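Engineer: Here you go, sequence then predicted model.
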Amino acid sequence: MEFTTPLIPARLIRRYKRFLADCRLEDGREITAHCANPGSMLGLAEPGMKLWLEPNDDPKKKLKYGWRLVDHENGHCTGVDTSVPNRALRAALFAREIPELAAYETIRPEVKYGENSRIDFLLQQEGLPDCYVEVKSVTLSRQQGLAEFPDSVTARGTKHLGELINMVEAGHRAVMLYLVQRSDCDRFALAADIDPSYAAAFDRAQAAGVERFIYTTCLSPQEITIGGPIPAA
């Protein structure tokens with residue numbers, strides 16, 4: 001998935017109200033960018049960090065910049081826009097780039113199901129059980145090479161696991177797909193110390209038959225694409 005507009009570098013001044021970030025551009029101007037990430041962004045919102053912003057000239061948007069990447073200035077980046085994984089995964093699903101899901105021809109995003117929920121992707125194919133795919137963006141890393149989810153308590157994420165269990169019990173296939181938006185990680189673990197309820201709900205889901213896939217992303221200021229699978233630690 002290529003970025004619509006070439007990204008430009010900036011430095012973070014502060015992130016506040018979850019969705020706002022004051023930044024300094026290379027020419028010294030201070031601007032406010034939209035931060036499309038409701039999580040804590042633990043370790044990713046320190047003042048002075050190098051960022052990549054996507055400018056826009058959309059008259060419908062109040063903010064003219066969107067925060068897309070953190071540049072760790074060591075050859076690695078982290079993607080912070082939580083809407084990107086769904087868009088990148090959609091392209092990968094249509095291109096049959098996820099082997100475990102390549103047998104499905106019909107790909108429907110944002111389908112209502114369960115109790116006031118929407119599944120990220122409903123995959124359908126004649127002769128196969130419907131497959132409900134929930135996607136989570138993974139950005140936390142507290143140990144070198146280890147990606148973790150979640151970065152804060154997520155009651156919504158726990159609810160989604162319960163919905164996936166219900167789909168399995170109804171005879172469908174259910175998948176929890178963690179998409180690691182970091183180029184510096186090759187292992188994954190649940191952050192049970194941050195949200196023990198989520199970790200316990202995942203254990204119940206896995207025992208019930210919910211499948212787990214963990215994929216990396218290839219990140220650059222030009223594009224974000226799906227990488228390969230990585231193991232759970």
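Structural biologist: All right, it came through fine. If you're wondering where the values come from, they're calculated on a predicted model, not measured in any experiment.
Engineer: Run through the neighbouring helices and strands of the helix-or-strand element of the chain with minimal mean pLDDT.
Structural biologist: One helix or strand of the chain scores below all others by mean pLDDT, DSSP states H and E: helix 84-94, with a mean of 91. The contact analysis (3 or more C-beta pairs under 8 Å, 6 or more residues apart in numbering; DSSP states H and E) places helix 84-94 against strand 106-113, strand 117-124, strand 131-138, strand 173-180, strand 224-229. In short, each C-beta sits where N, CA and C put it, glycine included.
Engineer: Nearest the geometric middle of this protein, what residue?
Structural biologist: Among the residues of the chain, the one closest to the centroid is Ser137, at 1.9 Å (C-alpha atoms, centre = their mean).
Engineer: could you check the distance from that one over to Val180?
Structural biologist: 9 Å (C-beta to C-beta, to the nearest Å).
Engineer: do Ile194 as well
Structural biologist: According to C-beta to C-beta, Ile194 stands 16 Å off from Val180.
Engineer: So between those two, which is more surrounded?
Structural biologist: Val180 (29 against 19; other C-beta atoms under 10 Å).
Engineer: what pLDDT does Phe3 get?
Structural biologist: At Phe3, the model reports a pLDDT of 89.
Engineer: Repeat that for Leu101.
Structural biologist: For Leu101, the predicted pLDDT is 97.
Engineer: these two touch, right, it and Leu123?
Structural biologist: Yes. Here Leu101 reaches Leu123: they are 6.1 Å apart, a contact under C-beta atoms under 8 Å.
Engineer: Now for those two: what residues contact both?
Structural biologist: Counting by C-beta atoms under 8 Å, 6 or more residues apart in numbering, the contacts common to Leu101 and Leu123 are Leu93, Cys131, Val133.
Engineer: Could I get the contacting residues of the first one?
Structural biologist: So the one you mean is Leu93. Leu101, Tyr104, Ile107, Phe121, Leu123.
Engineer: ok, so of those, who is nearest Pro55?
Structural biologist: Phe121 (29.6 Å; C-beta to C-beta).
Engineer: The closest one - nearest residue in space that isn't next to it in sequence?
Structural biologist: Closest residue in space to Phe121, ignoring its immediate chain neighbours: Val133 at 4.2 Å, by C-beta to C-beta, 6 or more residues apart in numbering.
Engineer: ditto for Leu219
Structural biologist: The nearest residue in space to Leu219 (C-beta to C-beta, 6+ apart) is Cys77, at 4.4 Å.
Engineer: for the one you found, which residues make a bridge with it?
Structural biologist: Applying DSSP bridges to Cys77 yields these beta-bridge partners: Asp71.
Engineer: who touches the longest helix seen in the chain?
Structural biologist: In the chain, assigned by DSSP state H, the helix with the most residues is helix 155-169. Under the contact criterion C-beta under 8 Å, 6+ apart, helix 155-169 has outside partners 113-115, 117, 119, 130, 132, 134, 136, 150, 173-176, 195, 197-198, 201-202, 204-205, 208-210.
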